[in-house]
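# Let me see the structure of the following:
(4 chains)
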Protein chains: 2
Amino acid sequence: MPAKTKHSNRVTLDDVAREAGVSAITVSRCIRAPEKVAAPSRLRIQAAIDRLGYVPHMAASALASRRTNVLGLIVPSVTNSVFSDVLLGVYDAIETTGLSVQIANSRYSPSEEETLIRTFLAQRPAGLIVSGVDQTPTGRALLEAADCPVVQIMDVTDDPIDMLVGFSHFDSAASVVRHFMEQGYRRPAILSARMDPRSQVRVSGFRREAERLGIFDPRRVVTTQGRSSVGTGCQLFADLMARAPDADCVFCNNDDLALGVLFEAARRNIRVPEALGVCGFNDLEISAYVNPSLTTVATPRYRTGQEAVRLVAVALGPGVEEAERHLRLEAKLVVRASSQPGWTGPTAP
Amino acid sequence: MPAKTKHSNRVTLDDVAREAGVSAITVSRCIRAPEKVAAPSRLRIQAAIDRLGYVPHMAASALASRRTNVLGLIVPSVTNSVFSDVLLGVYDAIETTGLSVQIANSRYSPSEEETLIRTFLAQRPAGLIVSGVDQTPTGRALLEAADCPVVQIMDVTDDPIDMLVGFSHFDSAASVVRHFMEQGYRRPAILSARMDPRSQVRVSGFRREAERLGIFDPRRVVTTQGRSSVGTGCQLFADLMARAPDADCVFCNNDDLALGVLFEAARRNIRVPEALGVCGFNDLEISAYVNPSLTTVATPRYRTGQEAVRLVAVALGPGVEEAERHLRLEAKLVVRASSQPGWTGPTAP
DNA sequence: CTGTTAGCGCTTTCAG
DNA sequence: CTGAAAGCGCTAACAG
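Numbers count the residues shown, from 1 in each chain, chains lettered A, B, ... in the order given. The predicted structure is shown next:
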């Protein structure tokens, strides 16, 4: 009977060490910091790992080192394609980092978000990515006290918790108003559902700029708390037509809503863009192909996910560049047929 | 100086035990199986936990018990709304189970999927949910040997690995062909991108039924390896018109493609449904609102996610109902304007 | 119903 | 550059 009886049949660090003729700690080092191990040992260890098919036990590693390789990501919704694009960026960027992502879904609820922040922090994550800049005071305090990199994404603020990558919803909305004005529209409306913080900022941006230009009218602001969808867009547009039929253009707080407006307008024989200019927000793939093609604001969702991960990875590394901690990305207006009365080109790309 | 110096400031099971005047193991039991602890102790322990703000250390628990509470979920894509709906079902169902989900993205690659299966299994997950029934032989072997519940989702097979919740892609496609026939169409086409196993099964289902009815023509099968999207739908439809302009109806392998067909047909002044019947697959929200509204096959995506989690939870519990291990759900044809030449109702709900 | 003992597999010192 | 010793925080397996 061997001196030490193994209960599990799992291949452990000790097995590898024995196979390679070194001690366990050397194998451990070889995995985490290969440059600190002499080349000959390194080769033997690598060979032993391959031969035995060793896979590190993350829980054991986490327990011993008091740190995990888990990057927590809190988003308001996983079905919203805005966030699924962010997620894609996160997945693509994570590959080179050795981290693993864990996603949580706050359902647009600040208190659920706070709970999730707690849960994640209890796991000692390697980093945490949260959506928006409007955490609860407690949530914010928890994040400020966290001993891991924290990245806020999807919006900008003067007062970030730690790192940040986002774009200005306020400015984007204002630029839409100006675009409508330039195209000759004079009575802009705005439609919005799911009044989450970022939607609200867009509504303010719209309002401010319209006021500045002297074309704001509160009758032309139609909102609902319900979730954003194509169906909601149809409904909100019907509401708008009932309340303020004189509206000559409409900024929809996202593309789903805008698509609904486009479809409902077609049913009512309201000509877009001649009788009604339409602009969405986000630039979903479909928006370029619908008839008429949809003017919208392209938001850097994929890039946001990618950069957020990169920021965490950099922060985890040795030298942190202070200059890189806040990334202000650009959201760009994409002008298509739905907002250009003088449009003469093709209806789709 | 106290007998035992704590290095970390984390609240541990021992702290709670001391506070409640019991031993650590009793606290541990109280958390995992409260009914095995006497009521008075239980109350004192609960109070101590609350007072101290104790949060269990998952890694330590995983190490000691050789099991995690992680439910692994492998999907081909996180942006595809089909899978994000599944995900939503998973998240909603997981809440009551005490498990946590970890998502991985195989990018429609069988070999990446195999790697992910390996990675997950190395973490000793509480359960594993995989998409489809076409794992690599090695992947399948790994899953068969896994000592945790495994659920295959999104398709059906006679030969599941362990548990299964899905619906028949083959039958769904066949029912679309019959529907076209009933509506008077006689020259059906099929468009498909991203030829993943389930898309291929739908193509076979279409082909088989069309052959049975004597209306199959290979010229009317247009496929591409590229990813499925609205833009691809426009493109494939253009290809179809070039190859087989006599097609009088088209089954699109998913709604994105179908939307593209609808838009491209409008641009070409091809009247739907009179000159061309269109049917999609999946029933995205937008499909009910587009003009004309889109006939499609409603797939039980949310429910699939929900049930998959439920199956795992049940399997993890004490008594497993053998009868419940395979869940065959129903995908239902939703007939709307785009496939009914005689349509007289409203264009949208 | 409760406690004792002995690790789970890895990493952190601190010495060589 | 390498190793020995000592846990990380929790739970399995017995005993009482």
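# What's the separation between residue A:106 and residue A:299?
Taking C-beta to C-beta, to the nearest Å as the measure, residue A:106 falls 19 Å from residue A:299. No exception for glycine: its C-beta is placed from N, CA and C like everyone else's.
# For those two, indicate the residue with more neighbours.
Per other C-beta atoms under 10 Å in any protein chain shown, whichever of residue A:106 and residue A:299 has more neighbours is residue A:299, with 25 against 21.
# isn't that one right up against residue A:330?
No: Residue A:299 lies out of contact with residue A:330 (C-beta atoms under 8 Å); the separation is 9.4 Å.
# Find residues that contact each of these two.
Shared contacts of residue A:299 and residue A:330 (C-beta atoms under 8 Å, 6 or more residues apart in numbering or on different chains): residue A:167.
# ranges for the helices of the stretch 101-250 of chain A?
Ranges of helices in the stretch 101-250 of chain A, per DSSP state H, counting those that start in this stretch, are A:110-122, A:137-145, A:169-182, A:197-212, A:230-243.
# And the ones you listed: which comes nearest residue A:82?
Residue A:82 sits nearest to helix A:197-212 of all those, at 9.5 Å, using C-beta to C-beta.
# Determine how far that closest one lies from the middle of the whole chain.
Centroid separation for helix A:197-212 versus its chain: 21 Å, with C-alpha atoms, centre = their mean, to the nearest Å.
# packing partners for it?
On a contact count with 3 or more C-beta pairs under 8 Å, 6 or more residues apart in numbering or on different chains; DSSP states H and E, helix A:197-212 meets helix A:169-182, strand A:188-192, strand A:221-223.
# Tabulate those in CSV, adding columns for mean neighbour count, mean pLDDT and distance to DNA strand C.
Output for the helices and strands packed on helix A:197-212, formatted as CSV (neighbours: other C-beta atoms under 10 Å in any protein chain shown; pLDDT from 0 to 100; distance: least, C-beta to the nearest atom of the strand, whole Å):
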stretch, mean neighbour count, mean pLDDT, distance to DNA strand C
helix A:169-182, 21, 98, 41
strand A:188-192, 28, 98, 48
strand A:221-223, 19, 98, 51
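# Make CSV out of the helices of the stretch 101-250 of chain A and add distance to residue A:340.
Shown next, in CSV, are those (distance: least, C-beta to C-beta, whole Å):
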stretch, distance to residue A:340
helix A:110-122, 39
helix A:137-145, 43
helix A:169-182, 9
helix A:197-212, 19
helix A:230-243, 20
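# Throw those into TSV and include distance to DNA strand D, thanks.
Formatted as TSV, the helices of the stretch 101-250 of chain A follow (distance: least, C-beta to the nearest atom of the strand, whole Å):
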stretch	distance to DNA strand D
helix A:110-122	10
helix A:137-145	17
helix A:169-182	41
helix A:197-212	35
helix A:230-243	45
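# Out of these, which gets nearest to residue B:211?
helix A:230-243 (36.7 Å).
# is chain B contacted by the host helix or strand of residue A:14?
Using DSSP states H and E, residue A:14 sits in helix A:13-20. No: judged by C-beta under 8 Å from any C-beta of the partner chain, helix A:13-20 and chain B are separated, with a smallest distance of 13.3 Å.
# Return the distance of that helix from the chain's centre.
43 Å.
# ok, residues contacting the next helix or strand after it?
Next helix or strand after helix A:13-20 toward the C-terminus (DSSP H and E): helix A:24-32. Helix A:24-32 is touched from outside by A:13-14, A:16-17, A:20, A:36-37, A:41-42, A:45-46, A:48-49, A:56, with contacts defined as C-beta under 8 Å, 6+ apart.
# Grab the two from those residues that are most spread out in space.
Spatial extent of those (C-beta to C-beta) is set by the pair A:14 and A:36 at 19.8 Å.
# and the two? which has more neighbours close in?
More neighbours surround residue A:14 than the other of residue A:14 and residue A:36, with 13 against 10 (other C-beta under 10 Å).
# Tell me which of the helices and strands packed on helix A:197-212 approaches chain B most closely.
strand A:188-192 (14.8 Å; C-beta to the nearest C-beta).
# hang on, the earlier thing: for the helices and strands packed on helix A:197-212, please prepare CSV with the additional fields distance to chain B.
Shown next, in CSV, are the helices and strands packed on helix A:197-212 (distance: least, C-beta to the nearest C-beta, whole Å):
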stretch, distance to chain B
helix A:169-182, 22
strand A:188-192, 15
strand A:221-223, 18
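# Serialize the ones you listed to CSV and add fields for distance to residue B:101.
Compiled in CSV, the helices and strands packed on helix A:197-212 are given as follows (distance: least, C-beta to C-beta, whole Å):
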stretch, distance to residue B:101
helix A:169-182, 30
strand A:188-192, 31
strand A:221-223, 33
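# Nearest approach to residue B:202 belongs to which of those?
Nearest of the helices and strands packed on helix A:197-212 (C-beta to C-beta): strand A:188-192, 36.6 Å.
# where in chain A is pLDDT low?
By pLDDT under 70, the low-scoring segments of chain A are A:1-8, A:318-323, A:343-349.
# just so I have it, where are all the strands in it?
Secondary structure of chain A by DSSP state E: the strands cover A:70-75, A:100-105, A:127-131, A:150-153, A:163-166, A:188-192, A:221-223, A:249-252, A:277-279, A:296-298, A:326-328, A:332-334.
# Give me the contacts around the third one.
Contacts with strand A:127-131, where a contact means C-beta under 8 Å, 6+ apart, come from A:71-76, A:83, A:90, A:99, A:106, A:113, A:117, A:120-121, A:143, A:146, A:148-154, A:308-309, A:312, A:315-316.
# Each with direction, which strands does it pair with?
Each strand paired with strand A:127-131, and its direction, by DSSP bridges: strand A:70-75 (parallel), strand A:150-153 (parallel).
# okay, those strands, which one's buried deepest?
Across those, averaging neighbours per residue (mean count of other C-beta atoms under 10 Å in any protein chain shown) puts strand A:150-153 on top, at a mean of 27.
# which other residues reach that one?
Counting by C-beta under 8 Å, 6+ apart, A:86, A:127-133, A:143, A:160-166, A:304-305, A:308, A:311-312 sit against strand A:150-153.
# Same list, those, but only the ones touching DNA strand C.
When C-beta under 7 Å from any atom of the strand is applied, no member of the contacts of strand A:150-153 is adjacent to DNA strand C.
# re earlier: would the helix holding residue A:14 count as contacting DNA strand C?
Yes: Helix A:13-20 is in contact with DNA strand C by C-beta under 7 Å from any atom of the strand, via A:13-14.
# residue nearest the centroid of chain A?
residue A:86 (4.0 Å; C-alpha atoms, centre = their mean).
# Could you check how many residues crowd around the nearest residue to residue A:330 once chain neighbours are set aside?
Spatial nearest neighbour of residue A:330, excluding adjacent residues (C-beta to C-beta, 6 or more residues apart in numbering or on different chains): residue A:167 at 6.3 Å. Per other C-beta under 10 Å, the neighbour tally for residue A:167 reads 23.
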